[in-house]
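> Pasted the sequence and its predicted model underneath.
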Amino acid sequence: MEEVMQLEGVFYLGLILSLLVLAVSVSIGVWSRRLTRSLGDYYVAGRSIGALNNGLAMVSLGLSLITFLGLTALIIEGVYVAVAVYASFTAAFVGLLILAAPFLRRYKSFTTMAFISERYYSHELRLLSVVFMLIVSILYLGGNIKGIGIIFELLLGIPEIYGIIVGGLVVTIYVVIGGMYGVTYNQTFQSIVLIFCLMFPVAIILQQLGAGGWYFPPFGYGDMVPEMLEHAPHYFSAWVVHPVTYVGLALGSFFGIIGLPHFVMRYFTVRDSKEARWSTVITVFLVGLINSAVYATGFAAVYWMQKEGLFGQIATADYDQMVFILTENLAGEGWLAIAIAGSVAAGLSTVSGLLMIMGVGLVHDLYSAIKPNIDDSKKLRLSYLAMLAAGIFVTVISIRPPEFILEAIMWAFGIAAASLGVPIVMGIWWKRATREGAGAGMVAGFLLTFVPCVFILIMGREPTEIPIPLIAPYLYGPMGWIKMVAIAVPVSFILTVVVSWFTAEPPQEVKQSVDAMHGWEDYVEERYNGWILPVSVIFFSLLIMALVFMFKDTFS
C-alpha cells in the first residue's frame with residue numbers, strides 16, 4: 001500500500017471539497033425543515049416528489065459507497081461474478097418497476113412494514129418486519145459508514161474510526177432536521193455530485209493508460225483489450241463457480257431490492273404511479289451507465305497493476321481503496337480530491353435513506369403499533385428522537401464493520417429478499433396469500449439467511465462448516481455462501497403458497513385492496529386468484545433448490 005499511495009498527513013484539497021459536500025448537505029437539511037408541516041411531510045415528503053427528482057434520489061441510494069469502493073474490489077478479485085453482481089443489481093430495478101413500484105404507490109402506505117401489516121391483516125407481522133428491517137439496515141449501513149471512515153483516513157491520515165463518527169453524526173443531523181424532504185433533495189444533490197466525481201476521474205485514468213475512448217468511460221477501454229491479453233491473459237478466463245451462484249445473485253438482487261425498505265420508501269414519496277414508473281426508468285439508465293464505468297475502473301486497475309508489477313504489493317483488503325489509488329497515481333491529486341468528495345456524497349446518500357426508514361419504522365410501525373392512539377404531533381416529535389437515536393446507534397456499531405464492505409451489502413440483499421421481498425410480491429400478485437403463509441415464509445427466509453450471515457460474516461466460519469445440516473456441504477467454492485440465498489428465497493415462496501392454501505382466506509376487503517393496487521375500479525374474485533401463479537412459483541422454487549445440490553463433482 002505504501003508503494004502506491006503517497007498521501008501523508010492532511011490532504012487539504014480533498015478535505016476542503018469533502019467539507020463543502022458536508023456543509024451543503026446540512027444546509028439542504030436546514031432549508032428543507034421549512035417544508036415539513038405534517039407527519040406526511042416528514043415521512044414521505046407530502047407525496048409531492050416528481051420523477052426526475054425521485055429518480056436521481058434513487059440513483060444515489062443504488063450506487064452508494066459500494067460503487068466507489070467495494071464493487072471495484074470485487075472486479076479485481078473475480079471479474080465474472082462482479083459483472084453478474086452489477087448486471088443483476090441494475091436489472092433488479094426493472095423487476096422493481098414490473099413487480100412492485102406502481103402498485104405500492106397506489107397503496108399509499110408510509111413504509112414496507114406498514115404494507116405487510118395491512119395487506120396481511122396482522123399486527124404481529126408488522127412487528128416482525130420492523131425487526132427484519134432493522135437488521136437489514138444495520139448490515140447495509142455498516143459497510144457504507146466504514147467507507148466514510150476510509151475516506152477520512154485518507155484525508156486526515158487518522159484512524160478510520162474518527163471518519164466513521166464524523167460522517168455518521170453529520171448525516172444524522174440533516175436527516176433529523178429535514179425529514180424526507182431533506183433526504184430527497186440531499187440525495188438528488190449527492191447523486192449529481194457522485195456521477196460527476198466518478199465519471200471524470202475515470203476518464204482521466206483511461207486517458208493516461210492510453211484508451212482511445214477515454215472520454216466515455218463505460219465503453220472507453222476497448223482498444224486496451226489486446227494489451228490486457230498480453231499482460232493479464234487470466235483476466236478473461238472464466239472464474240469457475242457453481243452456476244447457482246449466479247442464480248442466488250439474481251434472486252437476491254430482484255427480490256432484495258423490493259424488500260429493502262429504503263428503496264421501496266422512495267415510491268411512497270412520488271405524486272402518482274406514473275411518476276413511480278418514470279423515476280425507475282431514470283434510475284435504471286443512470287445506474288447502468290455508472291456501473292459500466294465502475295467496471296471500466298476495475299479493468300483499468302487490473303491492467304495498471306499487471307503492467308506495473310504491483311500485484312502482491314497492494315494488500316487484498318486495500319482493494320476497496322483502488323479508485324483512490326488509481327486516481328492519485330494516474331490522474332493527480334486534484335482529481336483525487338474530486339473522487340473523494342464524490343465518494344463522501346455517495347456514502348451520505350445511502351446512510352440518510354437508511355436512517356430515515358429506521359426512524360420511521362421505530363415510530364410509525366413499532367411504537368404506533370404498541371400505542372395506536374398516539375396523535376400525529378407527538379409521533380412527529382418522537383420521530384426526531386428516533387432518527388437521532390438510530391444515527392448514534394448505527395455510528396457506534398459501525399466502528400467494528402466487516403472487512404469487505406460489499407459482502408455485508410450482499411448479505412443485506414439476501415436477507416431482505418427472503419424475509420421481506422417475497423411477502424411483498426406475493427401480497428401484490430396473489431389474493432389468496434394469507435397472514436399465516438406470509439409469516440411462515442418470512443420467518444423461514446430470515447433464519448435461512450441471517451443464521452449463515454452470523455456464522456460466515458461475523459464469526460468468520462467457512463460456509464461449508466456452518467451448523468446447517470444437509471445444506472452446508474454444498475456451499476463450497478468461490479462465494480459459495482451466495483447459494484444460501486438460492487435456497488432461502490425459494491423456501492420462503494413455497495411456504496407462503498403452501499401454508500396460504502391450508503389456512504383461511506384473507507378478509508374480503510383485503511382481497512379488494514389487491515385489485516385496487518392494480519388500478520381496477522371494480523372487483524373480480526378470480527382476478528389475481530388463479531392456480532397458475534402459485535403452482536409456477538412452487539415448480540421453479542423446487543427446481544432452483546434442486547440445482548443447488550447438483551454438479552458437485554463438476555464444480556467441486
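Perfect, I can see it now.

> from what I can see Glu525 touches Lys511, true?
Yes - Glu525 lies in contact with Lys511 (CB atoms under 8 Å); the separation is 7.5 Å. The C-beta positions use only the backbone N, C-alpha and C, and glycine is treated the same way.

> Which one's more surrounded, the two?
Remark: of Glu525 and Lys511, Lys511 carries more neighbours, 18 against 11, as counted by other CB atoms under 10 Å.

> Please tell me how far that one sits from His242.
Lys511 is 41 Å from His242, where distance means CB to CB, to the nearest Å.

> And for Asn53?
Remark: distance between Asn53 and His242 (CB to CB) = 42 Å.

> now Ser500
To His242, Ser500 is 31 Å away according to CB to CB.

> Check which helices and strands the helix ranked longest in the chain sits against.
In the chain, assigned by DSSP state H, the helix with the most residues is helix 160-208. Counting contacts by 3 or more CB pairs under 8 Å, 6 or more residues apart in numbering; DSSP states H and E, helix 160-208 is packed against helix 12-32, helix 39-44, helix 51-68, helix 123-156, helix 273-308, helix 322-326, helix 333-360, helix 376-397.

> Met545: which of these is closest?
Taking CB to CB, helix 123-156 is the member of the helices and strands packed on helix 160-208 nearest to Met545, at 21.9 Å.

> in that closest one, what counts as buried?
Of all the residues in helix 123-156, those buried under the rule 16 or more other CB atoms under 10 Å are 125-126, 128-130, 132-156.

> One more: stretch 92-99?
Using 16+ other CB under 10 Å as the test for burial, stretch 92-99 gives 92-93, 95-97, 99.

> got the contact list for it?
When contacts are defined by CB atoms under 8 Å, 6 or more residues apart in numbering, stretch 92-99 is touched by residues 58, 62, 253-258, 263, 277, 280-281, 283-284, 287, 425, 428-429.

> hmm, try it at 7 Å
Contact partners of stretch 92-99, identified using CB atoms under 7 Å, 6 or more residues apart in numbering, comprise 253-254, 257-258, 277, 280, 283-284, 287, 425.

> Quick check: chain neighbours aside, which residue is closest to Val247?
Distances taken as CB to CB, 6 or more residues apart in numbering put Ala486 closest to Val247, at 5.0 Å, once the chain neighbours are dropped.

> and that neighbour, which of the three is it?
When classified by DSSP: H, G, I helix; E, B strand; the rest coil, Ala486 comes out as helix.

> Could I get the contacting residues of it?
By CB under 7 Å, 6+ apart, the residues touching Ala486 are 244, 247-248, 251, 544, 548.

> same thing with Glu465?
Glu465 is in contact with Ala472, counting by CB under 7 Å, 6+ apart.

> Pro490 too?
541, 544-545.

> name the element the closest residue to Ala516 other than its chain neighbours belongs to?
Closest residue to Ala516 apart from its sequence neighbours, by CB to CB, 6+ apart: Arg106 at 6.7 Å. Assigned by DSSP states H and E, Arg106 belongs to helix 101-107.

> just checking, next helix/strand downstream of the helix or strand hosting Gly256?
Assigned by DSSP H and E, Gly256 belongs to helix 243-259. The C-terminal neighbour of helix 243-259 among helices and strands, as given by DSSP H and E, is helix 261-267.

> What average pLDDT does that following helix get?
Mean pLDDT, computed over helix 261-267, is 82.

> can you give me the offset of the helix or strand where Ala91 lies from its chain's centre?
Using DSSP H and E, Ala91 maps to helix 79-99. Chain-centre distance of helix 79-99: 11 Å, with CA atoms, centre = their mean, to the nearest Å.

> what's the answer for stretch 472-480, then?
Here stretch 472-480 is found 23 Å from its chain centre; the criterion is CA atoms, centre = their mean.

> just stretch 543-555 next, same as before
On CA atoms, centre = their mean, the centre of stretch 543-555 falls 28 Å from the chain's centre.

> Please verify my assumption that Gly445 contacts Ser419.
Yes - the pair Gly445 / Ser419 is scored as a contact, 4.7 Å apart, by CB atoms under 7 Å.

> how near is His242 to Ser492?
For His242, the distance to Ser492 (CB to CB) stands at 21 Å.

> More neighbours: these two, which one.
Ser492 (30 against 26).

> And that one, which helix or strand is it part of?
Assigned by DSSP H and E, Ser492 falls within helix 485-501.

> What are the contacting residues of the helix or strand just after that helix?
Later in the chain than helix 485-501, the nearest helix or strand by DSSP H and E is helix 508-517. With contacts defined as CB under 7 Å, 6+ apart, helix 508-517 is touched by 103, 106-107, 119, 121, 428, 431, 523-524, 527-528.

> From the residues you listed, pick the one nearest Gly359.
Among those, Tyr107 lies closest to Gly359 (CB to CB), at 21.1 Å.

> for that closest one, what are its contacts?
For Tyr107, the contacting residues are 115, 517, by CB under 7 Å, 6+ apart.

> quick one: contacts for Ile76?
Applying CB under 7 Å, 6+ apart, we find Ile76 in contact with 298, 301-302, 319, 322.

> how much space between the nearest residue to Ile148 once chain neighbours are set aside and Ala408?
Nearest residue to Ile148 in three dimensions, chain neighbours excluded: Gly167, at 3.4 Å (CB to CB, 6+ apart). Between Gly167 and Ala408 the computed distance is 16 Å (CB to CB).

> quick one, which of these two is more surrounded?
For Gly167 versus Ala408, neighbours defined as other CB under 10 Å are more numerous around Gly167 (28 against 24).

> residues contacting that one?
By CB under 7 Å, 6+ apart, Gly167 lies in contact with 145, 148, 347.

> next one: Phe413
The contact partners of Phe413, by CB under 7 Å, 6+ apart, come to 252-253, 256.

> name the element it belongs to?
Following DSSP H and E, the helix or strand that holds Phe413 is helix 405-416.

> now the angle from that helix to helix 243-259?
Using axes from the mean of the first three to the mean of the last three CA atoms, to 10 degrees, the inter-axis angle of helix 405-416 relative to helix 243-259 is 70 degrees.

> low-scoring pLDDT stretches of the stretch 301-450 of the chain, where are they?
Residues of the stretch 301-450 of the chain that meet the criterion pLDDT under 70 lie in 312, 316-317, 320, 400-405.

> Make sure Asn373 is indeed in a strand.
No - assignment of Asn373 by three-state DSSP gives coil, placing it outside any strand.

> what's the burial count for it?
Counted with other CB under 10 Å, residues neighbouring Asn373 total 5.

> how near is it to Tyr367?
For Asn373 relative to Tyr367 (CB to CB), the value is 12 Å.

> Can you read off the pLDDT for the nearest residue to Glu407 once chain neighbours are set aside?
Nearest residue to Glu407 in three dimensions, chain neighbours excluded: Leu457, at 6.3 Å (CB to CB, 6+ apart). In this model, Leu457 is scored at 85, pLDDT.

> Check Glu526 too.
As predicted, Glu526 sits at a pLDDT of 92.

> do the same with Glu118
91.

> can you tell me which residues contact the closest residue to Leu20 other than its chain neighbours?
Spatial nearest neighbour of Leu20, chain neighbours left out: Ala341 (7.2 Å); criterion: CB to CB, 6+ apart. Contact criterion CB under 7 Å, 6+ apart gives 14, 17-18, 21, 193, 197 as the residues in contact with Ala341.
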